[in-house]
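# sequence and predicted model, in that order:
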Amino acid sequence: MATQQETDDLARLLLSASDAEPTNAEIHPDADATDAESTARSNAPSDVESGGHKGISAGHTGTHWILTTFVLLGDMFGLGTLTLPADFARLGWAVALPVILICALGMVYSGILFGRLATHLPASHAFDQLGAAAFGASGKRMVYATVYLTILFEPVIFHLTCMESLQQMLYSANVSQIAAGAIVAVLIFPLGLVQGIEEVSTVAILGTVGMLLAVITATYKLWFLRAIDLVPTEVVHRGHFNTTLVAIMDLVFTYGGQVNWMRYITGMRHRSQFKYAAGATSAFMTVLYIIMGSVGYYRLGSVFDFSRPVTSILPHDAWNVLMNAGVFVHCIFAYQINLNVWADMVLHILVPHMNDPASRRTTIGRLTWAAAIVIGIAFSFVISIFFPYFSIVMALIASIGDLAAAYALPAMFSLRLLGDRMPTWEKLLCYIVIPVSLVLSGMGVYSSLASLIHEFWQRH
């Protein structure tokens, strides 16, 4: 049996593996997926993506796929819902509905690929380690340029939405953007100090319930309470190219969040079961997305401010307060999840010796984590104040990383590492997905930046 010193040495060796070329054993393990997963749980120490909990890698501990489903819902289900009426208006019925269904199926397949990759490489705990195993240093750079850049900006959208919903809840007090943003910063700081992903997972249920309350209330208010004359809708909306692409990127964002998936997978009891969590999350979200988008577009048409969440354009009353309270509850916990991943990534890259769970439990480790949290909150606060354009910021985040993280990179890594096990039709599918998602990503970044600059100069 290995001594504690030998175990610690093994941990440091595994953590340094992301900086070196992958070994042949990592790329071509002899054991099958189930055996590899079992071996990893019994032998591999926890590291950066396991949130510092040794129990996640041992025995029967770690999250069940049902609890992981709630984590995914807490992270992914929410913000995209608030732009759905605007997205339907920008696209029309015949485009919006098929795009939603394509994204839903894409998320399911993405979950299958992530589960396969994480199980195939049981020592992997971070996205860049998948890239290193597939393409060496070039694979790591791909992840840094897309996935980690997206993680860097992800907390911004949650700070912005918390700020917006807080203003709507306190509309009678006429709270300014800066004041609302400062309140959000104060509230999120103690939540951000929680390091372990398992502790964060438990509050994801509250966030999901909060967002579900907001969606039900908004749909009810739109359908039954808003006394307006019906406005015409379009089968296909013929608008400006940039506007159309921003709407498509918004819909991609509603099924985005794959940049955080490796952190969730490595906290699971059985990595191979992640596909069930991804499938259940996709099905749940799709039903509510279609209902929310259809009702909102049918009742509002195109006569409202597309740049703001739908909860902010409805009349101020008790229902509006309840609706925005649900949004706030969801977003503050989703903010906590994404801030946790943000700090974890920053320390993983900039302070690699803090990847050791024991180091993070020391006073210096806790202070270093707190410093990363403060920087993340300050960064999100500043961007939210200067660019409070909800829909466009969301589309930009989706363009930068959600397409690459969800489709292009998993497909590329799977072809490289698992291609000999994939049927011909699936390899062909991956070869189609890679260029399509990369082209859409580039076009989306251009359109989102153009729209963001236009909005900024128009309002200043």
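Cool, the structure landed.
# where are the low-confidence patches of the stretch 51-200 of the chain?
Residue ranges of the stretch 51-200 of the chain with pLDDT under 70: 51-61, 197-200.
# quick one: buried residues of stretch 405-413?
Along stretch 405-413, these residues count as buried under the neighbour rule (16 or more other CB atoms under 10 Å): 405-413. (Each C-beta comes from the backbone N, C-alpha and C, glycine too.)
# check stretch 127-140 too.
Within stretch 127-140, judged by 16+ other CB under 10 Å, the buried ones are 127-135, 139-140.
# farthest pair in the residues you listed?
Spanning the widest gap among the buried residues of stretch 127-140 are F127 and F135, at 12.8 Å by CB to CB.
# tell me the spacing between the residue nearest to the spatial centre of the chain and A278.
Centroid-nearest residue in the chain, with CA atoms, centre = their mean: G257, separated by 2.1 Å. In this structure, G257 and A278 are 10 Å apart, going by CB to CB, to the nearest Å.
# and what of L73?
Note on L73: its distance to A278, by CB to CB, is 11 Å.
# the two: which has the busier surroundings?
A278 (28 against 25; other CB atoms under 10 Å).
# my guess is that one meets G111, correct?
Yes. A278 is within contact range of G111, at 2.4 Å (criterion: CB atoms under 8 Å).
# still on that earlier bit, tabulate the buried residues of stretch 127-140 (a markdown table), appending secondary structure.
Formatted as a markdown table, these follow (DSSP: H, G, I helix; E, B strand; the rest coil):
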| residue | secondary structure |
| --- | --- |
| F127 | helix |
| D128 | helix |
| Q129 | helix |
| L130 | helix |
| G131 | helix |
| A132 | helix |
| A133 | helix |
| A134 | helix |
| F135 | helix |
| G139 | helix |
| K140 | helix |
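# and which of the residues you listed is nearest H454?
Using CB to CB, F127 comes nearest to H454 of the buried residues of stretch 127-140, at 32.8 Å.
# wait, that closest one touches Y264, no?
No. Applying CB under 8 Å as the test, F127 and Y264 come out as separate, 11.6 Å apart.
# how about the helices in the stretch 101-250 of the chain?
Along the stretch 101-250 of the chain, counting by DSSP state H, counting those that start in this stretch, helices occupy 127-135, 137-145, 147-169, 177-192, 197-220, 241-254.
# want to try CSV for those helices, with distance to F381 as columns?
Formatted as CSV, the helices of the stretch 101-250 of the chain follow (distance: least, CB to CB, whole Å):
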stretch, distance to F381
helix 127-135, 26
helix 137-145, 24
helix 147-169, 6
helix 177-192, 5
helix 197-220, 20
helix 241-254, 21
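# can you tell me which of these is most buried?
Per residue and on average, the most neighbours among these fall to helix 127-135, with a mean of 26 (mean count of other CB atoms under 10 Å).
# ok now that helix, how far from the chain's centre?
Computed by CA atoms, centre = their mean, to the nearest Å, the chain-centroid distance of helix 127-135 equals 19 Å.
# by how many degrees do it and helix 137-145 diverge?
150 degrees (axes from the mean of the first three to the mean of the last three CA atoms, to 10 degrees).
# tell me what helix 127-135 is packed against?
helix 24-27, helix 137-145, helix 147-169, helix 409-418 (3 or more CB pairs under 8 Å, 6 or more residues apart in numbering; DSSP states H and E).
# quick one on the thing from earlier: out of the buried residues of stretch 127-140, which is nearest to L193?
Taking CB to CB as the measure, L193 lies nearest F127 of the buried residues of stretch 127-140, at 24.0 Å.
# contact partners for the closest one?
Neighbour list for F127: 143, 147-148, 259, 262, 405, 409 [criterion: CB atoms under 8 Å, 6 or more residues apart in numbering].
# on that earlier part again, between the buried residues of stretch 127-140, which is nearest I157?
The shortest approach to I157 among the buried residues of stretch 127-140 belongs to F127, at 19.6 Å (CB to CB).
# and the spatially closest residue to L105 that is not a sequence neighbour, how many neighbours?
Leaving aside its sequence neighbours, L105 sits nearest to S282 (CB to CB, 6 or more residues apart in numbering; 7.9 Å). Other residues lying near S282 total 22 when counted by other CB under 10 Å.
# might you report the residue contacts of S282?
Residues near S282 by CB under 8 Å, 6+ apart: 104-105, 107-108, 111, 255.
# which residues touch V303?
Contacts of V303 by CB under 8 Å, 6+ apart are V231.
# just checking, it is part of a strand?
No. With three-state DSSP as the criterion, V303 is located in coil rather than a strand.
# show the backbone phi and psi for it.
The phi and psi values for V303, taken as degrees, to the nearest 10, are phi -100, psi 70.
# what's the pLDDT at V329?
Looking at V329, its pLDDT stands at 87.
# could you do P29 as well?
39.
# ok, S38 next?
pLDDT for S38: 42.
# just V310 next, same as before
pLDDT at V310 comes out at 80.
# how many residues are close by it?
There are 26 residues near V310, going by other CB under 10 Å.
# so it is in contact with F88, correct?
No. Here V310 lies out of contact with F88, judged by CB under 8 Å, at a distance of 10.7 Å.
# need the residues touching each of the two.
G296.
# residue ranges with poor pLDDT in the stretch 251-400 of the chain?
Within the stretch 251-400 of the chain, the stretches with pLDDT under 70 are 307, 355, 357.
# that one: strands as residue ranges?
Taking DSSP state E, counting those that start in this stretch as the criterion, the stretch 251-400 of the chain carries no strands.
# all helices for it, in order.
Along the stretch 251-400 of the chain, counting by DSSP H, counting those that start in this stretch, helices occupy 261-265, 274-300, 318-350, 357-360, 363-386, 390-397.
# ok, and what's touching the fifth one?
It stands for helix 363-386. By CB under 8 Å, 6+ apart, helix 363-386 touches 153, 155-156, 158-160, 163, 177-178, 181-182, 184-185, 188-189, 192-193, 195, 339, 342-343, 346-347, 351, 354, 359-360, 393, 456.
# how about the CA coordinates for that helix, as PDB?
Below are the C-alpha coordinates for helix 363-386, written out as PDB (Å, rounded to 0.1, in the frame of the first residue of the first chain):
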ATOM      1  CA  THR A 363      -4.400  30.100   5.600                       C
ATOM      2  CA  ILE A 364      -2.400  31.200   2.600                       C
ATOM      3  CA  GLY A 365      -4.500  29.000   0.400                       C
ATOM      4  CA  ARG A 366      -7.800  30.400   1.700                       C
ATOM      5  CA  LEU A 367      -6.500  34.000   1.300                       C
ATOM      6  CA  THR A 368      -5.300  33.200  -2.200                       C
ATOM      7  CA  TRP A 369      -8.800  31.900  -3.100                       C
ATOM      8  CA  ALA A 370     -10.400  34.900  -1.500                       C
ATOM      9  CA  ALA A 371      -8.100  37.200  -3.500                       C
ATOM     10  CA  ALA A 372      -9.100  35.400  -6.700                       C
ATOM     11  CA  ILE A 373     -12.800  35.800  -5.800                       C
ATOM     12  CA  VAL A 374     -12.400  39.600  -5.100                       C
ATOM     13  CA  ILE A 375     -10.700  40.000  -8.500                       C
ATOM     14  CA  GLY A 376     -13.400  38.100 -10.300                       C
ATOM     15  CA  ILE A 377     -16.200  40.100  -8.600                       C
ATOM     16  CA  ALA A 378     -14.500  43.400  -9.300                       C
ATOM     17  CA  PHE A 379     -13.900  42.500 -13.000                       C
ATOM     18  CA  SER A 380     -17.600  41.500 -13.400                       C
ATOM     19  CA  PHE A 381     -18.800  44.600 -11.700                       C
ATOM     20  CA  VAL A 382     -16.800  47.000 -13.900                       C
ATOM     21  CA  ILE A 383     -17.800  45.200 -17.200                       C
ATOM     22  CA  SER A 384     -21.500  45.200 -16.100                       C
ATOM     23  CA  ILE A 385     -21.500  48.900 -15.400                       C
ATOM     24  CA  PHE A 386     -19.900  49.900 -18.700                       C
END
